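Enquirer: Here's my sequence, what's the structure:
(2 chains)
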Amino acid sequence: MDWGAIFNNAAVELISPTTAAYALAALGLAVHFGYTGLLNFGQAGFMALGAYGYAISILTFGFPVWGAFLVGVGASVVFALILGIPTLRLRADYLAIVTIAAAEIVRLLFTTNSFAAVTGSANGLSGYKNEFAALNPLADGTYGFGPFTNNAYDTWLRIVAWSVVILAALLVWQVMRSPWGRVIKGIREDEDAVRALGKNVYAYKMQSLIFGGVLGTIAGMIFALPRAVVPSNYQTTLTFFIYAILLLGGAATVLGPIIGSMIFWVLLSFFSGFIARAVEAGWLPFMTAIQGGQLRFILVGVAIMLIVIFRPQGIFGNKKELAFVR
Amino acid sequence: MSANAVPLDSAAPLEPPVPTKKPIKTTGLHIGEAEPGCAKVDPILVVDNVRRTFGGLTAVDVAHVEVPRGAITALIGPNGAGKTTLFNLLTGFDKPDDGKWTFDGRPLAGVPAYRVARMGQIRTFQLTKALGLLTVMDNMLLGAKGQTGENMFRALMPFLWRNQEEENRAKAIDLLTRFKLDTKKDDYAASLSGGQRKLLEMARALMSDPTLVMLDEPMAGVNPALTQSLLDHILNLKSQGMTVLFVEHDMHMVRHIADWVIVMAEGKVVAEGDPHEVMKNPAVIDAYLGQHHDEDIGEDPDAEVEHVSAMKELLDDER
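Expert: Numbering: from 1, shown residues only, chains lettered A, B, ... in the order given. Purely as a prediction, here's the structure:
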């Protein structure tokens, strides 16, 4: 058994752009769910809009990187408004139903053959990386050390991705310790009480939905850069993985989603490598390689269940809060 | 259940809580006879033809009522009289089928709840709404009006709101000290007792310097020791120039601190007047005991016991 390769592959995930994308999407969900109490189950939809908004802008319209970025962000703002206007006045669970349905509608619209010329249908889109790579100030060659050694493009992508995550984390941290964040947290506790104190609860919820949604959209762009944009990546399971990361790290925290994402991906990669090699070595004679590929999700699920049972506030959550959970 | 079969004395509190100092009653509030809908010398809240139905049930149907400024007005009535529904309508938390009302001369019909609060008409809730996972201090700061830092973009620039935040904090400390909650300021509101939450809710409402404070059952579930300090606080509101309108079931409290009493029954205002006079009004006795109070109405016998005992006490006291 090659333990070195297993740990090496797991360590790679620690700073991979995918981990950064999940961290950012989970941060957006922390704004929605952890701070505001909005049950957004459509974060995959926001991510899909980011990925497709960016890719289509570059491939079909030939936009520069910043233009494509703005198109994606604009699309998610519009999406948040469409979701929020009819549902934010209603009880929280309605938003959950609407967001999960809306995210599926978005995914199916990108999958349908009618728009294949623009969206690439089920095959998705690729070949939009040159514009981003052209911005790379790094000379060709390899950078980093050990498992974190990458070529110039991958290093550039990692630097950008994690810079965005750090910037977003600082942004969330700052607004949540401001009077704005106080109103947002008040809404999570009891929106009628906050309304009775003269705050426009509806406007605050809308701002929160847009803010968290835009973070999800930027996460979608980072997620798309190391791979192709394929609609099947944006299924509801993506949203649930992000929720798992959020609960793992702590719902109303800034560091939680980031560290949660790192743990999630390192564990996933570790189990994946371990099981594949265990099947190869004949340790699991009842199992085929394909079954082994699925087992990692079961093991990650068990690991997350253990954390949620024994540390329900998440890694960074405040234990004191749990004493008063109704 | 027959009213006679109830051991009345057992339901009565042993020592009715009274404010520590003798309240100064405001008199001469009304013009003409003290009848339902009578005009006030200086009304702060004027309600006209407000009606709210839930299906076939008419919860509120108030033809005309005026709330006097600078006084403590009690809104009383048996359970289901529509007091809380009227509160919700007046504060924008519910929409009436019909009717209009003005606060300080400004029409309020169709104005959303948060705007009503910004105009200076602040309410509390029957079921206390302390924001549990916020600290007591954060609860208080949330009450302050016109905060620069509550705008999302200005929130990113702390230098714009830091001074205002410090001022609000000082004001909150001052209020919390008056309400004896200053030692709890860094605790979660969820850790407070029921009575302390009522105090917090009232203190939080005062952060916005309201002109009209509407308290929905401020004494419900509060022990007698705390009731006393709550009574003092309500009297203080008046001495600071605020108008108070409150819903209450505790007749002792109503009689001790209210300057004016409005009685509702079955959605209508059935009587108005000075707290000592209004209790003798036949319409009020009918409202509480029912015109056929020997019959079993089969609904909420406990409440019935409460009202019967409360009325009996009052009649005894008046003698």
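Enquirer: is any part of stretch A:187-206 close to chain B?
Expert: Yes. For stretch A:187-206, a contact with chain B is found by C-beta under 8 Å from any C-beta of the partner chain, at A:188-190, A:192-201. The C-beta positions use only the backbone N, C-alpha and C, and glycine is treated the same way.
Enquirer: what about A:Asn113, neighbour count?
Expert: If you count neighbours by other C-beta atoms under 10 Å in any protein chain shown, A:Asn113 ends up with 9.
Enquirer: Just the buried residues of the residues of stretch A:187-206 next to chain B.
Expert: A:188-190, A:193-201 (16 or more other C-beta atoms under 10 Å in any protein chain shown).
Enquirer: Quick one: name the residues of the stretch 201-319 of chain B near chain A.
Expert: Counting by C-beta under 8 Å from any C-beta, the stretch 201-319 of chain B sits next to chain A at B:204-205, B:207-208.
Enquirer: how about 7 Å then?
Expert: B:204, B:208 (C-beta under 7 Å from any C-beta of the partner chain).
Enquirer: now the residue in the stretch 201-319 of chain B positioned nearest to chain A: how far from B:Gln228?
Expert: Taking C-beta to the nearest C-beta, chain A has its nearest neighbour within the stretch 201-319 of chain B at B:Ser208, 6.3 Å off. For B:Ser208, the distance to B:Gln228 under the criterion C-beta to C-beta, to the nearest Å works out to 26 Å.
Enquirer: Tell me the residues of the stretch 51-200 of chain A that contact chain B?
Expert: Proximity of the stretch 51-200 of chain A to chain B (C-beta under 7 Å from any C-beta) is limited to residues A:174-175, A:178-183, A:185-186, A:189-190, A:192-200.
Enquirer: give me the low-pLDDT residue ranges for the stretch 201-319 of chain B?
Expert: B:290-308, B:310-311, B:314-319 (pLDDT under 70).
Enquirer: ranges for the strands of it?
Expert: For the stretch 201-319 of chain B, the strands defined by DSSP state E, counting those that start in this stretch cover B:212-216, B:243-247, B:260-265, B:268-273.
Enquirer: Which secondary structure elements does the first one sit against?
Expert: Applying 3 or more C-beta pairs under 7 Å, 6 or more residues apart in numbering or on different chains; DSSP states H and E, one finds that strand B:212-216 contacts helix B:83-90, strand B:121-123, strand B:243-247.
Enquirer: The shortest one pairs with which strands, parallel or anti?
Expert: With DSSP bridges as the test, strand B:121-123 is paired with strand B:212-216 (parallel).
Enquirer: Can you give me every residue that contacts residue 96?
Expert: No chain was given, so I picked chain A. Contact analysis of A:Ala96 by C-beta atoms under 7 Å, 6 or more residues apart in numbering or on different chains lists A:39, A:41.
Enquirer: look at chain B instead
Expert: Taking C-beta under 7 Å, 6+ apart as the test, what B:Pro96 contacts is B:50-52, B:89.
Enquirer: cutoff 10 Å now
Expert: B:47, B:49-53, B:59-62, B:85-86, B:88-90, B:109-110 (C-beta atoms under 10 Å, 6 or more residues apart in numbering or on different chains).
Enquirer: Would you mind trimming those to those in range of chain A?
Expert: When contact is defined as C-beta under 10 Å from any C-beta of the partner chain, the contacts of B:Pro96 meet chain A at B:Asn88.
Enquirer: Check the gap between the residue lying closest to A:Ser76 once chain neighbours are set aside and A:Tyr204 for me.
Expert: Of all residues not flanking A:Ser76 in the chain, A:Thr217 sits nearest, at 3.8 Å (C-beta to C-beta, 6 or more residues apart in numbering or on different chains). Separation of A:Thr217 from A:Tyr204 (C-beta to C-beta): 20 Å.
Enquirer: Of B:Ser208 and B:Gln228, which one has the most company?
Expert: B:Ser208 (19 against 15).
Enquirer: thinking again about what came up before, tell me which of the buried ones among the residues of stretch A:187-206 next to chain B fall in helices.
Expert: Using DSSP state H, the subset of these located in helices is A:188-189, A:193-196, A:201.
Enquirer: Could you give me the buried positions within whichever helix or strand A:Leu49 is part of?
Expert: A:Leu49 is part of helix A:43-59 when elements are defined by DSSP states H and E. Neighbour counts over helix A:43-59 (16+ other C-beta under 10 Å) mark A:43-59 as buried.
Enquirer: I'd like to know how many residues surround A:Ile309.
Expert: If you count neighbours by other C-beta under 10 Å, A:Ile309 ends up with 8.
Enquirer: ok, residue 203 - contacts?
Expert: Because you didn't say which chain, this covers chain A. Residues counted as contacts of A:Ala203 (C-beta under 10 Å, 6+ apart) are A:88, A:183, B:114, B:152.
Enquirer: please go with chain B instead
Expert: B:136, B:139-140, B:143, B:172, B:174-181, B:233.
Enquirer: Pull out the buried residues from these.
Expert: In terms of neighbour count (16+ other C-beta under 10 Å), the buried residues within those are B:136, B:139-140, B:143, B:172, B:175-176, B:178-179, B:181, B:233.
Enquirer: The residues you listed in helices, which ones?
Expert: Among the buried ones among the contacts of B:Ala203, the members found in helices (DSSP H) are B:136, B:139-140, B:172, B:175-176, B:178, B:233.
Enquirer: Of those residues, which is the nearest to chain A?
Expert: Using C-beta to the nearest C-beta, these come closest to chain A at B:Asn139, 8.0 Å.
Enquirer: shouldn't that closest one be in contact with B:Leu131?
Expert: Yes. Assessed by C-beta atoms under 10 Å, B:Asn139 is found in contact with B:Leu131 at 5.4 Å.
Enquirer: which residues are common contacts for the two?
Expert: With C-beta under 10 Å, 6+ apart as the test, B:Asn139 and B:Leu131 both reach A:182, A:186, A:189, A:193, A:197, B:188-189, B:200-201, B:204.
Enquirer: What segments of chain B are helices?
Expert: Going by DSSP H, chain B shows helices at B:8-11, B:83-90, B:113-118, B:136-142, B:158-178, B:194-206, B:224-239, B:251-257, B:275-278, B:282-289, B:301-318.
Enquirer: Near A:Ala5, how many residues? Count them for me, please.
Expert: When counting by other C-beta under 10 Å, one arrives at 11 neighbours for A:Ala5.
Enquirer: Quick one: neighbours of the residue nearest to A:Ser76, just the number.
Expert: Using other C-beta under 10 Å, A:Thr217 is surrounded by 31 other residues.
Enquirer: Enumerate every residue touching it.
Expert: Applying C-beta under 10 Å, 6+ apart, the residues contacting A:Thr217 are A:24-25, A:28, A:43, A:45-51, A:53-54, A:69, A:72-77, A:79-80.
Enquirer: Can you say which helix or strand has it in it?
Expert: helix A:201-224.
Enquirer: Please compute how far that helix lies from its chain's middle.
Expert: 11 Å (C-alpha atoms, centre = their mean, to the nearest Å).
Enquirer: okay, the angle between it and helix A:43-59?
Expert: 60 degrees (axes from the mean of the first three to the mean of the last three C-alpha atoms, to 10 degrees).
Enquirer: Pull out the buried positions in helix A:201-224.
Expert: The neighbour-count check on helix A:201-224 (16+ other C-beta under 10 Å) flags A:201-202, A:204-224 as buried.
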